[in-house]
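1. Sequence plus the predicted model coming up.
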Number of protein chains: 2
Amino acid sequence: MKKEGITMKDIAREANVSVATVSHVINNTKNISQATRKKVMSITEKYNYTPNYSAKNLRQQSTKTVALVISSHPDAFVTEMIFAIEERAAEMDYNLLLVNTKEHSEYEEKTINLLHSNLVDGIILSPTSGDIQYLQNYTKDKFPIVMVNRYDDSIENIPRVTGDNFQLGYDATMHLLDHGHEKIGFIYTYPDVSTTEDRIKGHHEALKQANIPFDQELIIQGFAHIDGGAAATKELLMKNNRITALFIQNDLMTIGALDAIKEMNLRIPDDIAIIGFGEFSASHIVDPSITTIVLPPETIGKTAFDILLNKMNNPDYMNHVELPPFMNIRKSCGCQ
Amino acid sequence: MKKEGITMKDIAREANVSVATVSHVINNTKNISQATRKKVMSITEKYNYTPNYSAKNLRQQSTKTVALVISSHPDAFVTEMIFAIEERAAEMDYNLLLVNTKEHSEYEEKTINLLHSNLVDGIILSPTSGDIQYLQNYTKDKFPIVMVNRYDDSIENIPRVTGDNFQLGYDATMHLLDHGHEKIGFIYTYPDVSTTEDRIKGHHEALKQANIPFDQELIIQGFAHIDGGAAATKELLMKNNRITALFIQNDLMTIGALDAIKEMNLRIPDDIAIIGFGEFSASHIVDPSITTIVLPPETIGKTAFDILLNKMNNPDYMNHVELPPFMNIRKSCGCQ
DNA sequence: CTGAAAGCGCTAACAG
DNA sequence: CTGTTAGCGCTTTCAG
């Protein structure tokens, strides 16, 4: 579809000045006499002129927009992060393009490739679990990319902001251990992503310090949705009826777990204790209320944008920030 | 920041052909001999060429991107809708720009104005409660806008997709009436938006049919967040201790209401029955489970995009679609 | 089948 | 203080 917008040329003609002058008054980029300034302004207002951004972007080799590429249907944590990024971008006068790759790494690559080259000035990426070596193509061009939440150490020159997921896995496990639980089920979302792996490492470390051998049977995938969480919980509890606690890596799976536990007529925390990752709005009103270990999605989001901004201004900018986890202790873990 | 991308000119030079030819092979827009096509392709691949979209967009007067402008921090319903729109846009090869106006109507106007004129080809708008007469500027230019969720009848030539909120208000109220409730508290998010107003009209109609006078005291604002819902609930129940049921217009406020009710030591549904608008993932696991009346966010989102697509192709396209509500009957309303 | 050239709307260096 | 001009990278008509 063609858009018949009014252009600087039109305004220049009507005001009897050159387009250069029009450009200068609109962008406040040079001293222009009050008289002509007024004349031009009144005409732009009369026609409700807005600049053609394609032209402007082409000329300036920049679009003032960044893309946020997330990898999965967002849970509460990711949703908060998205809107924090949107807010920060708006504050800084950037537009935000939103893309969901739904864990398809080929689509992710295609997307990044599309976004690259003057569609956006930079990308905030929460990568899929697939191979992301292709990113080297962009980093060697110094195209500004920052990773958020998940990361991949093998890609160089990409700053990132994540949670300290090792510590998170450690803390949550320790908390359960402190309550005397020795057989702890661990339900993760997807394998081969840093969030999962680091939490597992922290989990191991805590077990090791408590001299409890790690049992591969106790760890299972839940696919980040309610049904997956329910299924994983059932499978875990059927196969290993001595499990006394569950550490669950996302809010939707936690809800699924609660379903399954109710269905199995088990009591929380007496029969089975629970710690979930990620706050969700109902954590405190379900009975018993759910103890969660969280990371600050707003801080992560805003920081990611700020880092990207730095990276866009200085292609060699590097920074890895890792935010500490925090526990909301409620009742599902056996604390009062 | 300057991006030193490779351009068609570079490729043309290296392949000893004209840029026109390069353009034609890349876009498959004319018959080109196998030989030159291969030559060109190999060079584009070698350099991982991607077109400069600013230039392309400028030339074609279109950007293949649309904007989604929402008005408030998203609850579960809006989040689902957003991702449905994103999905549909991706399917149709459009990019999606996301903007949150946070109920500031001046910012909304500024945003629409910015988006207009070659930043995006069209807009899906969930307007704030403020005056949106300014939209006339764009509709008379035939700039493609569709309203989603909320609408304003006074703006012409804007298609929309919404829920049938009159019916929703009617059905929920009727359901409560059927359970013998006569004093029903109504907690809304924001006034002066169609969703609120239509639901109130449906609520009135149901009361009228049951010969129950409408009491202005029973209706109160909850601001679409948890704390607001809790405060509204307390105020309502303090002032009108004969209220026996609550009809709450968003999931976060419902959670706040549950907080307040627990704090007041009231039992659901015996002391106070509840119907909430909008499904949230924990509706079924809180105790008692929450009866909700819902609208289909995915359908609304996808339909909005499809309508926008039609509108972009044909500026005179008009269509108002109104999706029916649906009840998830659980226990908080007194049904078994 | 291929190329030359114009032009989308804007910015910015330079000249006057 | 204002205007001329070149050119960003691409598409598309027209000619060859």
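-> Perfect, thanks for sending it.

2. Can you show me the strands along chain A?
-> With strands called from DSSP state E, chain A shows them at A:65-70, A:95-100, A:122-125, A:145-148, A:160-163, A:184-188, A:219-221, A:245-248, A:273-277, A:291-294, A:320-323, A:326-328.

3. need those strands in a markdown table with mean pLDDT, distance to A:Ile132 and mean neighbour count, can you?
-> C-betas here are computed from N, CA, C, even on glycine. Converted to a markdown table, the strands of chain A look like this (pLDDT from 0 to 100; distance: least, CB to CB, whole Å; neighbours: other CB atoms under 10 Å in any protein chain shown):
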| stretch | mean pLDDT | distance to A:Ile132 | mean neighbour count |
| --- | --- | --- | --- |
| strand A:65-70 | 96 | 11 | 24 |
| strand A:95-100 | 96 | 15 | 24 |
| strand A:122-125 | 96 | 8 | 27 |
| strand A:145-148 | 96 | 9 | 26 |
| strand A:160-163 | 96 | 12 | 25 |
| strand A:184-188 | 97 | 19 | 26 |
| strand A:219-221 | 97 | 20 | 18 |
| strand A:245-248 | 98 | 26 | 28 |
| strand A:273-277 | 97 | 23 | 28 |
| strand A:291-294 | 97 | 26 | 24 |
| strand A:320-323 | 96 | 17 | 16 |
| strand A:326-328 | 97 | 29 | 15 |
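
4. can I get these in TSV with distance to B:Tyr170?
-> Shown next, in TSV, are the strands of chain A (distance: least, CB to CB, whole Å):
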stretch	distance to B:Tyr170
strand A:65-70	38
strand A:95-100	35
strand A:122-125	44
strand A:145-148	44
strand A:160-163	46
strand A:184-188	42
strand A:219-221	44
strand A:245-248	40
strand A:273-277	38
strand A:291-294	38
strand A:320-323	47
strand A:326-328	40
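
5. and A:Asn57, how far is that from A:Ala206?
-> 51 Å (CB to CB, to the nearest Å).

6. A:Phe247 touches A:Phe186, doesn't it?
-> Yes. If you go by CB atoms under 8 Å, A:Phe247 and A:Phe186 touch, sitting 5.2 Å apart.

7. Which neighbours do the two have in common?
-> Listed as contacting both A:Phe247 and A:Phe186 by CB atoms under 8 Å, 6 or more residues apart in numbering or on different chains are A:His203.

8. picking up where we left off before, in terms of neighbours, single out the busier of A:Asn57 and A:Ala206.
-> Of the pair A:Asn57 and A:Ala206, A:Asn57 is the one with more neighbours under other CB atoms under 10 Å in any protein chain shown, namely 26 against 21.

9. quick one, what contacts the residue lying closest to that one once chain neighbours are set aside?
-> What sits nearest to A:Asn57 in space, not counting adjacent residues and going by CB to CB, 6 or more residues apart in numbering or on different chains, is B:Ser54, at 4.0 Å. B:Ser54 makes contact with A:Ser54, A:Ala55, A:Asn57, A:Leu58, A:Gln61, A:Thr63, A:Asn118 under the criterion CB under 8 Å, 6+ apart.

10. okay but the last one is in contact with B:Gly5, surely?
-> The reference is to A:Asn118. Yes. With contacts counted by CB under 8 Å, A:Asn118 reaches B:Gly5, the gap being 7.1 Å.

11. which bits of chain A sit near DNA strand D?
-> A:16-21, A:24, A:30-33, A:35-37, A:55, A:58-59, A:61 (CB under 7 Å from any atom of the strand).

12. switch the cut-off to 6 Å
-> Counting by CB under 6 Å from any atom of the strand, chain A comes close to DNA strand D at A:17-21, A:30-33, A:35-36, A:58-59.

13. okay, the residue in the stretch 101-250 of chain A positioned nearest to chain B: pLDDT?
-> Residue nearest to chain B within the stretch 101-250 of chain A: A:Ser117 (4.0 Å; CB to the nearest CB). Predicted confidence (pLDDT) for A:Ser117: 75.
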